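Trainee: structural data only, the sequence is not supplied:
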């Protein structure tokens, strides 16, 4: 049976979260305003144009 080390110490979830560190790669900003998968975006837009939504959603249409 596999046990997490923190579970052996009966540590609460908030205490576990305090120890989690997040690393942010600043080079990721170069993708901020770029479409990485233009084919998939185009296909998704076509699917959404053909989709039928309930009238209460009042989605703006670009025709």
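Mentor: Alright, I've got the coordinates. These figures come from a predicted structure and were not determined experimentally.
Trainee: going by C-alpha atoms from here, please, whenever you check contacts or count neighbours.
Mentor: OK.
Trainee: scan this structure for its longest helix.
Mentor: As assigned by DSSP state H, the longest helix anywhere in the chain is helix 38-50.
Trainee: any idea of the mean pLDDT in that one?
Mentor: Computed over helix 38-50, the mean pLDDT rounds to 94.
Trainee: give me the low-pLDDT residue ranges for the protein?
Mentor: 1-17, 58-63 (pLDDT under 70).
Trainee: let me see the ranges of the helices in it.
Mentor: Under DSSP H, the chain gives helices at 5-8, 13-18, 38-50.
Trainee: residue 47 and residue 39, how far apart?
Mentor: Distance, residue 47 to residue 39, by C-alpha to C-alpha, to the nearest Å: 12 Å.
Trainee: sorry, back to before: quick one: residues in contact with the longest helix of the chain.
Mentor: Helix 38-50 is contacted from outside by residue 35, using C-alpha atoms under 8 Å, 6 or more residues apart in numbering.
Trainee: quick one: buried residues of that helix?
Mentor: Buried positions in helix 38-50, judged by neighbour count with 16 or more other C-alpha atoms under 10 Å: none.
Trainee: neighbours around residue 23, how many?
Mentor: Number of residues near residue 23 (other C-alpha atoms under 10 Å) recorded here: 6.
Trainee: do residue 30 as well
Mentor: For residue 30, the neighbour count with other C-alpha under 10 Å is 8.
Trainee: please shift the residue numbers so they start at 34 in all later answers.
Mentor: All set: I'll call the first residue 34, so the last point we hit is now residue 63.
Trainee: and the gap between it and residue 69?
Mentor: Here the criterion is C-alpha to C-alpha. By it, residue 63 lies 11 Å from residue 69.
Trainee: next one: residue 61
Mentor: Distance of residue 61 to residue 69, given as C-alpha to C-alpha: 12 Å.
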